[in-house]
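Asks: the following comprises the amino acid sequence and a computationally predicted model.
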Amino acid sequence: MENLVLKAKVLMEALPYIKRYWGKRVVIKYGGNAMEKPELQRNFASDIVLMRYVGINPIVVHGGGPQISQLMHRMGKEVRFVAGQRYTDEEGIEMVKMVLVGKVNKDIVSMINRHGPLAVGLSGDDGGLILARKRHPLDMDGSPVDLGFVGEVAKINTQIIDDLIAGEFIPVIATVGADENGQSFNINADAVAAELAVAVKADKIIFLTNVEGIYSDPSQPTSLISQLSLEECRRLLSGGRIGEGMIPKVEACVQALEGGVSRAHILNGTVQHAVLLEIFTDEGIGSMIAAG
């Protein structure tokens, strides 16, 4: 009987959060080790399905850098970096599409759809979802860097997302976009998630990664910051106090919040049911950045 009462208490703790987020859109950027371990993959799929069945509208955005590198190694193609960033040539962009659109995306859709016909896989090419342009980053000395077919978001066309959500489907988006001439580009998944969250007017954006969240001192595991404001987040970035690997995610959080998203979360995706723990419990996990 005690176990039954405990289960009831867990459900009641979730009730106010279900009411708060019912009908809201939540963008989840899926990546890191959570994509590579079968048990965590199944847990993630279950989390997304539960969110949908309690009235939340999840939108999944994914990359697949490690999987792309694995295919390149198997095909005998060198993984090339320029100024510390992945270079993508003409053959490379075809491999990117093979992995992200043809493999990773379909695997995620298949996992979700074990629970019913719920998920629809998309890439930025579909329905003109992501209009891309070539990215022109600068090197440390200020000189332009050519990364080949690496792009950035020029525009998000939300119509196909709106239509899928209206049909009670879960969009699962691979971060490949195309320019006005139909040329495909590989785009950073964190940046796409932020742009998409703003465009679809998401209430919340969640980044699943391999660390617990944001630390005030990256060398001290005990310095995890559970909650911080947008202004505090900006200060950490400008002060160089964000670990190098976390910078793109934290910048994406700032971008989303500046664009109107209410809250951004960075969670350890290797924790079982990390998404549910963050959304439906009083304590939550990871780091939450609030716009206000």
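Replies: Right, received. Where do you want to start?
Asks: count the residues that sit near Ile165.
Replies: Residues near Ile165, counting by other Cβ atoms under 10 Å, number 19. (Each C-beta comes from the backbone N, C-alpha and C, glycine too.)
Asks: that one falls within a helix, correct?
Replies: Yes - assignment of Ile165 by DSSP: H, G, I helix; E, B strand; the rest coil places it within a helix.
Asks: hang on, isn't it packed against Arg25?
Replies: Yes - using Cβ atoms under 8 Å, Ile165 is in contact with Arg25, at 7.2 Å.
Asks: anything in contact with each of the two?
Replies: Listed contacts common to Ile165 and Arg25 are Asn57, Ile59; contacts here mean Cβ atoms under 8 Å, 6 or more residues apart in numbering.
Asks: neighbours of Gly102, how many?
Replies: Neighbours of Gly102 (other Cβ under 10 Å): 13.
Asks: please apply the same query to Asn186.
Replies: Going by other Cβ under 10 Å, the residues that sit close to Asn186 add up to 29.
Asks: now the one 4 residues further on
Replies: By the criterion of other Cβ under 10 Å, Asp190 has 25 neighbours.
Asks: that one belongs to a helix?
Replies: Yes - counting by three-state DSSP, Asp190 is located in a helix.
Asks: elements contacting the longest helix seen in the chain?
Replies: In the chain, assigned by DSSP state H, the helix with the most residues is helix 2-21. Helices and strands touching helix 2-21, by 3 or more Cβ pairs under 8 Å, 6 or more residues apart in numbering; DSSP states H and E, are helix 274-280.
Asks: if we can go back for a sec, helices and strands around the following helix or strand past the longest helix of the chain, which ones?
Replies: Going down the chain from helix 2-21, the next helix or strand is strand 25-30, by DSSP states H and E. With contacts defined as 3+ Cβ pairs under 8 Å, 6+ apart, strand 25-30 has these neighbours: helix 38-53, strand 57-62, helix 189-199, strand 204-209.
Asks: list the contacts of the first one.
Replies: With Cβ under 8 Å, 6+ apart as the test, helix 38-53 has contacts from 26, 28, 30, 33-35, 58, 60, 107-108, 111-112, 114-116, 118-119, 168, 170, 208, 269-270, 272-276, 279.
Asks: return the set of buried residues in the longest helix of the chain.
Replies: Across helix 2-21, burial judged by 16 or more other Cβ atoms under 10 Å covers Ala14, Tyr17, Tyr21.
Asks: what's the angle from it to strand 204-209?
Replies: Helix 2-21 and strand 204-209 are oriented at 120 degrees to each other (axes from the mean of the first three to the mean of the last three Cα atoms, to 10 degrees).
Asks: residues in contact with helix 2-21?
Replies: Outside helix 2-21, the residues touching it (Cβ under 8 Å, 6+ apart) are Val54, Gly55, Ile56, Asp203, Lys204, Ile279, Phe280, Thr281, Asp282.
Asks: what residues sit buried inside the helix or strand containing Asn105?
Replies: Element membership of Asn105 [criterion: DSSP H and E] is helix 105-112. Neighbour-count burial for helix 105-112 flags Asn105, Asp107, Ile108, Val109, Met111, Ile112 (criterion: 16+ other Cβ under 10 Å).
Asks: and what of stretch 40-47?
Replies: For stretch 40-47, by 16+ other Cβ under 10 Å, it's Leu40, Gln41, Asn43, Phe44, Ala45, Ser46, Asp47.
Asks: same question, stretch 51-68
Replies: 51-52, 54, 56-65, 67-68.
Asks: would you mind measuring the gap between the ends of it?
Replies: 29 Å (Cα to Cα, to the nearest Å).
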